[in-house]
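Chemist: Show me the folded form of this:
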Amino acid sequence: MAENNLYQTGELAEACGTTVRTVQYYDGKGLLAPSGYSEGGRRLYSAEDAERLRFILMLKALGLRLAQIKGVLESPNRDAVLKLLLDEQAESLEREIDESSRRLQVLNTARTDLEHFGKLMATTEPAMVKRMNDEKARTRWWIIMIIIGVFMDAAWIGTLVLGILTGVWWPFPVALVVVALIGAWEVRYYSAHSTYLCPACGADFRPKLGAYFWSNHTPRTRKLTCPCCHQKDWCVEHYHADPIEIAPGQCVPGTCHGACEVKAGEGHGGN
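Modeler: Now for the predicted structure:
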């Protein structure tokens, strides 16, 4: 610290963790005036000036513009003005976060499409919004299926243990019937919302229920025979938030290449 407990410009910058150029910039903008000058004409800053500079740096780090900072410093109701500005800044940042989150979802959906389908399944903003909704719906339904599966296992295992321990067997077949009915409903529901993309011809089709139920599968693929090109291969699942209004064994309109026909007037839940 310089004479009389005053800072020169370089000392002030060092004490506040900033640069001489920044101190000079705020001085030039009227935000930070020196408390005095040395005999040689050098600017001198007091401890209060140092606190003011730290406050300015903090507000700048929070994203406030220089005009806003100047308004806070000059206001007799500094804390009230600062609160309003910080509330406004928080809302602005929340909007930016929401927009960034939306863009990230779009990016991840596009990456997922390229990874699983080998192409973008949506090339317009409305179609991409639908694709994201489809993926969210798929995730929700998988969570629901896991929860239902836990209760189904608890039902038949619990009644089996009950029969072994007590000799009361009638709940066991009842539980098996209920589990079978719930399982069949799950299959029908999921198949009604799913189509499959043929890797050979690119057709997007809904398989027949029997083929869907008995086919080998992974979480994202099933080994199916395409009704369009009739090749059997690992087809990639395309889940739709809304049920697909096409008959089993038919292609989504616009994806078939003429080897199979789609009934006229039937809609679909695709893009």
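Chemist: So, low pLDDT: which residues of the protein?
Modeler: For the chain, applying pLDDT under 70 flags the ranges 1-4, 257-271.
Chemist: what's the domain layout of it?
Modeler: What automatic domain parsing lists as the domains of the chain is 3-74, 79-116, 125-251.
Chemist: what number of residues lie near K208?
Modeler: 16 (other C-beta atoms under 10 Å). Every residue, glycine included, has its C-beta placed from N, CA and C.
Chemist: Hmm, I typed the wrong one, I wanted P171.
Modeler: 16.
Chemist: which ones are touching it?
Modeler: Counting by C-beta atoms under 8 Å, 6 or more residues apart in numbering, P171 touches T159, L162, G163.
Chemist: May I ask which of those residues has the most neighbours?
Modeler: Within these, neighbour counts (other C-beta under 10 Å) peak at T159, which reaches 21 neighbours.
Chemist: before we move on, which element is that residue in?
Modeler: Per DSSP states H and E, T159 falls inside helix 125-166.
Chemist: Next: Y26.
Modeler: Using DSSP H and E, Y26 sits in helix 20-28.
Chemist: which strands and helices sit next to that helix?
Modeler: Where contact means 3 or more C-beta pairs under 8 Å, 6 or more residues apart in numbering; DSSP states H and E, helix 20-28 is packed against helix 9-15, helix 47-61.
Chemist: which one of the ones you listed lies closest to D79?
Modeler: Closest of those to D79 is helix 47-61, at 11.9 Å (criterion: C-beta to C-beta).
Chemist: Quick check: next helix or strand after the closest one?
Modeler: helix 66-74.
Chemist: Enumerate the positions of that next one that are buried.
Modeler: Residues Q68, I69, K70, V72, L73 are the ones in helix 66-74 that count as buried (16 or more other C-beta atoms under 10 Å).
Chemist: now stretch 226-246
Modeler: Of the residues in stretch 226-246, 226-229, 233-241, 244, 246 count as buried by neighbour count, 16+ other C-beta under 10 Å.
Chemist: Okay, and which of these map to strands?
Modeler: Judged by DSSP state E, the buried residues of stretch 226-246 include D233, W234, C235, V236, E237, H238, Y239 as members of strands.
Chemist: List just the nearest of these to L44.
Modeler: Y239 (69.9 Å).
Chemist: So for the closest one, what's the nearest residue that isn't a sequence neighbour?
Modeler: Nearest residue to Y239 in three dimensions, chain neighbours excluded: R138, at 3.9 Å (C-beta to C-beta, 6 or more residues apart in numbering).
Chemist: try G10
Modeler: Leaving aside its chain neighbours, G10 sits nearest to V20 (5.4 Å; criterion: C-beta to C-beta, 6+ apart).
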